[in-house]
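Visitor: Take a look and give me a structure for this.
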Amino acid sequence: MTVLAHGVTSSDADDELTRDALAVLQPGFEGTTAPAWLLRRIGRGLTAVGLFGRNIASPGQLAALTAQLRAERDDVLVAIDEEGGDVTRLEVRGGSSFPGNLALGAVDDTGLTRDVARELGRRLAECGVNLNWAPSADVNSNPDNPVIGVRSFGADTHLAARHTAAYVEGLQAAGVAACTKHFPGHGDTNVDSHHALPRIDADLDTLAARELVPFKAAIGAGTKAVMSAHILVPALDPTRPATLSPQILTGLLRKELGYEGLIVTDGMEMNAIAGTYGIERGSVLAIAAGADAICVGGGLADEATVLRLQGALVAAVREGALPAERLADAAARVRALASWTRQARAAAAPGAQQEGSAPGIGLAAARRALVITGTAAPVGDPYVATLAPVANIAVGDETPWGVAAELAALVPGTASGVYAEGATAADVLAAAGERTVVLVVRDAHRHPWMAQAMAALVEARPETVVVEMGVPRAEPRGALHIATHGASRVCGRAAAELIAGV
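Guide: Numbering: from 1, shown residues only. Below is the predicted model of the structure:
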């Protein structure tokens, strides 16, 4: 054992180093109770845990799980990817009680957005969740974007900015830290970073006038965290994606925009990083670039992954590839946010969460978000045909969506079928018989097979009702066309009410 300055021994320094390396990780895990390895690591310095749909069965179970984690460390950060709308973990098996960002942007009432986010935050806080990897501040400027779409407030920069700020304010008013994503903006991509590395070729002036504006609004609103994007933006850094770029995370976000809160990476197991740099090297580069927390666990959720990443960070410091001060600074920011969440929880008086409760606000918002073309008339004998694209990984395929279940609850005897790519109008008509077809689509403008089937159906049956539950870019068709601006459960309910005439 060697004695260093100020009476600190080498073993003390090594222990601090390993704890700092553990503190910056945000791993996931399998199961609805915390495994022994996770509790053990929390006891040794792990400061954050990420939850996904696989970890959640009910609000009561989730509350018990977070209490189990908090018994090991009172200020542990319990993070979740709960955007509301299409991306939900809290209601992964039934569909969200909230309509999602595009619907809120379509209504364009920042007071409503603030209230929806506060109610979502209240529900998360009741379950013991204190960090939400939301909202998406991405401007959906590319209508063919395969991964953002309805997760964005819209294609208008300033609309996205004001609703991002309102969402941050509402969520944090409930004591849940917001994590605004995906910096510096994932809206102008045509590649999903879960699969490959997207590239945005906009110039600096465009980026400043479009992508960065909602992030500036979020910073102004006091967002406690910002999530980096796994995207290459050559105008900012021609060689490294944002998550690994000192120019973007330290130069732009910290110095130019003046952001002082926590910087979290998007999932490091996503192929844009794992398939190009590997998660160990990628994690070291991310911390060196200015990130403070490594999100990993959407697909990698075991102790071995945590130990690999901890070991990679420790080795990088010892080898001189990562300054110890940078790792210590990152760990300090994680602990500072953990401290804020503990104070926010303590500040909530008994019953205060219930006082601000607005349980029906999600459905009310979904109803306001409907855009109707044509004439609404009750459909008494419907056949709901859902043309289902392959779900992107962020949304997942385990969450139900559509109109069929909600319409069946209102109109007994409703029949339905789900059709994948390759299905034709003839397939739907054969199954529908004499019933009125209610055709449900999702981003029809991005799927030629869907657009063709829709056109043929409306030509054969002009009385067809069309419900677009994605980004409504295709020309409205049918006797009645309903754009819901999202595919969550309440969006389906709002459309079903209109179709049923209730």
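Visitor: which residues in the protein form strands?
Guide: If DSSP state E is used as the criterion, the strands of the chain fall at 25-26, 48-51, 77-80, 131-132, 177-183, 225-228, 262-264, 294-295, 371-374, 382-387, 415-419, 436-441, 465-468, 480-483.
Visitor: quick one: pLDDT of the residue nearest to A235 when sequence neighbours are not counted?
Guide: Taking Cβ to Cβ, 6 or more residues apart in numbering, and ignoring the residues beside it in sequence, A235 has L204 as its nearest neighbour in space, at 5.0 Å. C-beta here means a position set from N, CA and C on the backbone, and glycine is covered the same way. At L204, the pLDDT value in this model is 96.
Visitor: do the same with the one 3 residues further on
Guide: With respect to pLDDT, L207 has a value of 96.
Visitor: and it, how far is that from R114?
Guide: L207 sits 27 Å away from R114 when distances are taken as Cβ to Cβ, to the nearest Å.
Visitor: Equivalent analysis for A315, please.
Guide: With distances taken as Cβ to Cβ, A315 is found 45 Å from R114.
Visitor: Any idea which helix or strand in the protein has the lowest mean pLDDT?
Guide: Across the helices and strands of the chain, mean pLDDT, DSSP states H and E gives its lowest value to helix 352-355, namely a mean of 50.
Visitor: Look up how far Y419 lies from V403.
Guide: V403 is 14 Å from Y419, where distance means Cβ to Cβ.
Visitor: Buried residues, stretch 213-229. List them.
Guide: Of the residues in stretch 213-229, those buried by neighbour count under the rule 16 or more other Cβ atoms under 10 Å are 213-219, 221, 223-229.
Visitor: How far off centre is it?
Guide: When C-alpha coordinates are averaged (Cα atoms, centre = their mean, to the nearest Å), stretch 213-229 and its chain have centres 14 Å apart.
Visitor: Do me a favour and get the end-to-end distance for that stretch?
Guide: Criterion Cα to Cα, to the nearest Å; first-to-last residue distance in stretch 213-229 is 16 Å.
Visitor: Stretch 386-398 now?
Guide: Between the opening and closing residues of stretch 386-398 there is a gap of 16 Å (Cα to Cα).
Visitor: Spatially nearest residue to T276, not counting backbone neighbours?
Guide: Distances taken as Cβ to Cβ, 6+ apart place L197 nearest to T276, at 6.1 Å, with adjacent residues excluded.
Visitor: close enough to count as contact, the one you found and A229?
Guide: No - when contacts are counted by Cβ atoms under 8 Å, L197 is not listed as touching A229 (10.4 Å).
Visitor: Overlap in contacts, those two.
Guide: Taking Cβ atoms under 8 Å, 6 or more residues apart in numbering as the criterion, L197 and A229 both touch P241.
Visitor: how is the protein carved up into domains?
Guide: 13-348, 370-500 (the TED database).
Visitor: any idea which of those domains is most buried?
Guide: domain 13-348 (a mean of 21; mean count of other Cβ atoms under 10 Å).
Visitor: so where is the stretch 201-350 of the chain shaky, pLDDT-wise?
Guide: Within the stretch 201-350 of the chain, the stretches falling below the threshold (pLDDT under 70) are 299-300, 348-350.
Visitor: Disregarding flanking residues, what is the spatial nearest neighbour of R199?
Guide: If you skip the residues right next to it in sequence, R199 has L232 as its closest partner in space, 4.5 Å away by Cβ to Cβ, 6+ apart.
Visitor: I'd guessed that neighbour sits against P241; true?
Guide: Yes - under the criterion of Cβ under 8 Å, L232 makes contact with P241 at 5.1 Å.
Visitor: so what's in contact with those two at the same time?
Guide: Once Cβ under 8 Å, 6+ apart is applied, the residues that L232 and P241 both contact turn out to be L197.
Visitor: now A455: how far from E468?
Guide: In this structure, A455 and E468 are separated by 14 Å, where distance is defined by Cβ to Cβ.
Visitor: Give the rounded mean pLDDT of stretch 438-458.
Guide: 96.
Visitor: All further residue positions should be reported with the first residue as 33.
Guide: In the new numbering, first residue 33, that becomes stretch 470-490.
Visitor: Distance from it to the middle of the chain?
Guide: How far stretch 470-490 lies from its chain's middle: 26 Å, per Cα atoms, centre = their mean.
Visitor: what's near enough to touch the residue nearest to L156 when sequence neighbours are not counted?
Guide: Beyond its immediate neighbours in the sequence, the residue positioned closest to L156 (Cβ to Cβ, 6+ apart) is V208, lying 5.1 Å away. With contacts taken as Cβ under 8 Å, 6+ apart, V208 has the following neighbours: G153, L156, A157, V161, N162, L163, N164, T373, A376.
Visitor: Between the residues you listed, which sits nearest V296?
Guide: Nearest to V296, judged by Cβ to Cβ, of those is L163 at 8.6 Å.
Visitor: Check the offset of stretch 111-119 from the chain's centre.
Guide: Taking Cα atoms, centre = their mean, one finds the center of stretch 111-119 at 5 Å from the center of the full chain.
Visitor: swap in stretch 326-338?
Guide: Stretch 326-338 sits 18 Å away from the centroid of its parent chain (Cα atoms, centre = their mean).
Visitor: Residues in contact with it: which ones?
Guide: If you take Cβ under 8 Å, 6+ apart as the criterion, stretch 326-338 is touched by 54, 56-62, 67, 69-70, 73, 78, 82, 84, 111, 113, 165, 259, 296-302, 311, 315, 318-319, 341.
Visitor: same thing with stretch 268-287?
Guide: With Cβ under 8 Å, 6+ apart as the test, stretch 268-287 has contacts from 215-216, 229, 236, 239, 247, 258, 260-265, 291-292, 295, 297-298, 300, 304-305, 309, 314, 317-318, 320-323.
Visitor: same question, stretch 485-496
Guide: Under the criterion Cβ under 8 Å, 6+ apart, residues 417, 419, 451, 455-458, 460-461, 468-471, 473, 476, 498, 506, 509-511 lie in contact with stretch 485-496.
Visitor: change it to 7 Å
Guide: Counting by Cβ atoms under 7 Å, 6 or more residues apart in numbering, stretch 485-496 makes contact with 419, 455-457, 460-461, 468-469, 471, 473, 476, 498, 509-511, all of which sit outside it.
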